[in-house]
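I'd like to go over a predicted model; first the sequence, then the structure.
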Amino acid sequence: MATAFTLFGMNVVHDRAPPQTQADGPTTYQEYIDFLKQQVHRPSAVTPSLHSATHSPPSSAAAPRDKDIRIQCQVRARIPTNEGGEMYLHLYKNNQDSKEHLAIVYGDLRSRSLDDAWANETILNRVVRGAYYGKLEEIVAATDVPVAQQLTPDQMVFLEQQQQQAKRKWEQQQQQQQTETAKIPLARIHSECFTGETVHSGRCDCGEQLDEAMRQLQLAGRGVIVYLRQEGRGIGLLEKLKAYNLQDLGHDTVAANVLLNHPADGRTYGIANAIFKDLGLTQVHLLTNNPDKIQQLESYGDIKVLERREMVPRSWNAPNDLLMATQPHLYPLDRTPSSSPALGMSSVFDLPKKELDRYLAVKVKKMGHILDLPDSVSSSTASSPK
Ligand SMILES: Nc1nc2c(ncn2[C@@H]2O[C@H](COP(=O)(O)OP(=O)(O)OP(=O)(O)O)[C@@H](O)[C@H]2O)c(=O)[nH]1
């Protein structure tokens with residue numbers, strides 16, 4: 001028989017009664033989760049075991065392996081964007097996991113580990129891994145290149161001199177910048193979301209957040225988006241897709257994670273902290289609604305978040321829509337209202353809003369994200385835990 005109870009102002013309907021000890025139903029979130037877990041571990045026709053005998057349970061993504069983090073930027077490359085801007089993609093390796101975490105860098109920030117001298121490398125090796133100063137087109141314009149695998153002695157001398165000059169220019173610019181403006185870079189720590197970013201899922205706002213962060217960074221002209229491979233809040237794509245099926249059965253994003261024996265949010269930010277440091281940042285303005293992200297980042301003691309810049313969902317943000325409609329060149333092509341229907345995709349004016357609003361409401365109501373829920377969203381999500 002279905003049971004209903006209220007949790008954090010939401011009516012939760014479940015197909016089984018809560019445990020005897022909680023005659024009035026769970027009153028705290030922990031009790032709700034315990035209640036759900038109890039059901040999962042009872043044999044049931046409607047709630048099958050989540051892990052078959054042939055599969056070992058997923059490892060806990062929560063275990064912080066945050067000690068003695070070492071990172072190295074392996075390569076940097078210029079990426080012109082379809083909106084007319086330009087950024088430098090930095091690829092990092094680290095001693096914590098085997099993932100390729102990224103930094104999307106705008107403006108003149110430089111990676112210390114990339115710029116370090118590496119053993120037995122030639123000037124051409126440095127240029128190829130992106131540890132060059134200035135613009136490669138300037139080198140190309142001034143020599144007979146294409147530069148071959150082997151540089152002639154003349155080319156080698158030219159390249160060395162050209163790089164010394166370009167480096168001095170960069171250092172001068174840095175000094176001027178610090179004395180004149182002491183600009184604090186704009187930064188974002190973004191967690192990978194294949195579904196939201198690549199297949200344009202309307203279950204979450206991750207894709208539009210990445211687009212919006214890139215737009216803001218491009219406008220700011222200086223800063224970084226650290227792109228962490230922490231898919232599914234750290235549980236990975238496999239487990240996130242299972243969580244989606246649990247969500248379709250009526251659980252919210254937090255409960256679905258817990259039912260799969262994962263923490264609600266298993267992410268850590270030690271690698272982001274190390275990447276910020278590597279890029280010479282000590283103070284940032286951070287684009288986020290997630291206070292936990294700020295707290296975790298600052299807990300390492302290296303980076304101070306001077307200001308939090310909120311990320312308002314596009315579908316809630318009329319002025320942004322207006323900006324997009326009037327300045328579509330600032331937005332990715334596949335997200336503009338005019339091009340979307342032609343591609344058979346939802347336009348931002350026609351997002352699958354119900355599921356997205358539920359996702360956003362859970363972030364605000366259960367995960368403490370700082371966002372003003374519009375009345376329409378508050379009321380439309382009040383009766384559902386999803
Ligand atoms: N486990 C799980 N992860 C999800 C789900 N939907 C999106 N994600 C992941 O959530 C991460 C983004 O986290 P969010 O909570 O949306 O945002 P945030 O990074 O904490 O906060 P902001 O800085 O304000 O964007 C990405 O790694 C997504 O893959 C879901 O339903 N379940």
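Nice, I can see it.

Name the next helix or strand downstream of the helix or strand of the chain with the lowest mean pLDDT, please.
Lowest by mean pLDDT, DSSP states H and E among the helices and strands of the chain is helix 339-343, with a mean of 36. Per DSSP states H and E, helix 339-343 leads on to helix 353-367 as the next helix or strand towards the C-terminus.

Please see if that following helix touches the ligand.
Yes. Judged by CB under 6 Å from any ligand atom, helix 353-367 comes into contact with the ligand at Lys363. The way it works is simple: take the backbone N, C-alpha and C, and place the C-beta from them, glycine included.

Show me what that helix is packed against.
Applying 3 or more CB pairs under 8 Å, 6 or more residues apart in numbering; DSSP states H and E, we find helix 353-367 packed against helix 253-259, helix 375-381.

end to end, how far does stretch 87-100 reach?
Terminal residues of stretch 87-100 are spaced 18 Å apart (CA to CA, to the nearest Å).

Please report how far Glu231 lies from Leu237.
5 Å (CB to CB, to the nearest Å).

How about Gln295?
27 Å.

same deal with Ile225?
Between Ile225 and Leu237 the distance, using CB to CB, works out to 20 Å.

looking at the helices and strands packed on helix 353-367, which one has the lowest mean pLDDT?
Mean pLDDT is lowest for helix 375-381 out of the helices and strands packed on helix 353-367, coming in at a mean of 73.

sorry, back to before: do you know which of the helices and strands packed on helix 353-367 lies nearest the ligand?
With CB to the nearest ligand atom as the measure, helix 253-259 is the member of these nearest the ligand (4.0 Å).

what's the burial count for the closest residue in space to Ala220 that isn't next to it in sequence?
Excluding its sequence neighbours, the residue lying closest to Ala220 (CB to CB, 6 or more residues apart in numbering) is Leu186, at 4.4 Å. Burial measure for Leu186: 23 neighbouring residues, criterion other CB atoms under 10 Å.

per-residue pLDDT, Leu186?
97.

show me what contacts it?
Counting by CB atoms under 8 Å, 6 or more residues apart in numbering, Leu186 touches 216-217, 220, 222-223, 284-285, 287, 309.

try it again with 10 Å
Contact partners of Leu186, counting by CB atoms under 10 Å, 6 or more residues apart in numbering, are 106-107, 213, 216-217, 219-225, 284-287, 307, 309.

after the helix or strand containing Met156 comes which helix or strand?
Assigned by DSSP H and E, Met156 belongs to helix 153-180. Moving toward the C-terminus from helix 153-180, the next helix or strand (DSSP H and E) is strand 186-191.

average model confidence for whatever helix or strand comes next after that following strand?
The helix or strand immediately downstream of strand 186-191 is helix 194-197, counting by DSSP H and E. For helix 194-197, the mean per-residue pLDDT is 97.

Stretch 81-98 now?
Average pLDDT, stretch 81-98: 94.

got the end-to-end distance for that stretch?
End-to-end span of stretch 81-98 (CA to CA): 28 Å.

in the stretch 251-386 of the chain, which ranges drop under the pLDDT threshold?
Residues of the stretch 251-386 of the chain that meet the criterion pLDDT under 70 lie in 317-352, 380-386.

near the ligand, which residues of it show up?
Within the stretch 251-386 of the chain, the positions near the ligand by CB under 6 Å from any ligand atom are 253, 257, 288-290, 293, 311, 363, 369.

Put together TSV for those, with neighbour count on each row.
Formatted as TSV, those follow (neighbours: other CB atoms under 10 Å):
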residue	neighbour count
Thr253	25
Asn257	27
Thr288	22
Asn289	21
Asn290	21
Lys293	21
Met311	21
Lys363	21
His369	19
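
Please enumerate the strands of this protein.
Ranges of strands within the chain are 3-7, 10-14, 71-80, 86-94, 101-106, 186-191, 223-228, 283-287, 304-309, based on DSSP state E.

Of the ones you listed, give the one that comes closest to Trp118.
The closest of those to Trp118 is strand 71-80. By CB to CB, the value is 9.4 Å.

Give me the buried stretch members for that closest one, please.
Within strand 71-80, the residues that qualify as buried are 71-73, 75-76, counting by 16 or more other CB atoms under 10 Å.

Keep those residues, but drop any that are not near the ligand.
Residues of those in contact with the ligand (CB under 6 Å from any ligand atom): none.

can I see the domain layout of this protein?
3-41, 110-175 (automatic domain parsing).

rewinding a little: just give me the closest of the residues of the stretch 251-386 of the chain next to the ligand to Ser379.
Lys363 (17.1 Å).

Chain neighbours aside, what residue packs nearest to that closest one?
Of all residues not flanking Lys363 in the chain, His369 sits nearest, at 4.2 Å (CB to CB, 6+ apart).

List the backbone torsions phi and psi for the one you found.
The phi and psi values for His369, taken as degrees, to the nearest 10, are phi -70, psi 150.

Could you check which of Glu231 and Leu237 has the larger neighbour count?
Neighbours per residue (other CB under 10 Å) separate Glu231 from Leu237, with Glu231 holding more: 20 against 13.

thought the more buried one was touching Leu238?
Yes. If you go by CB atoms under 10 Å, Glu231 and Leu238 touch, sitting 9.1 Å apart.

Asp116 contacts Gln74, correct?
No. Judged on CB under 10 Å, Asp116 makes no contact with Gln74 at a distance of 11.7 Å.

and Glu298, how many residues sit next to it?
Close neighbours of Glu298, defined as other CB under 10 Å, add up to 15.
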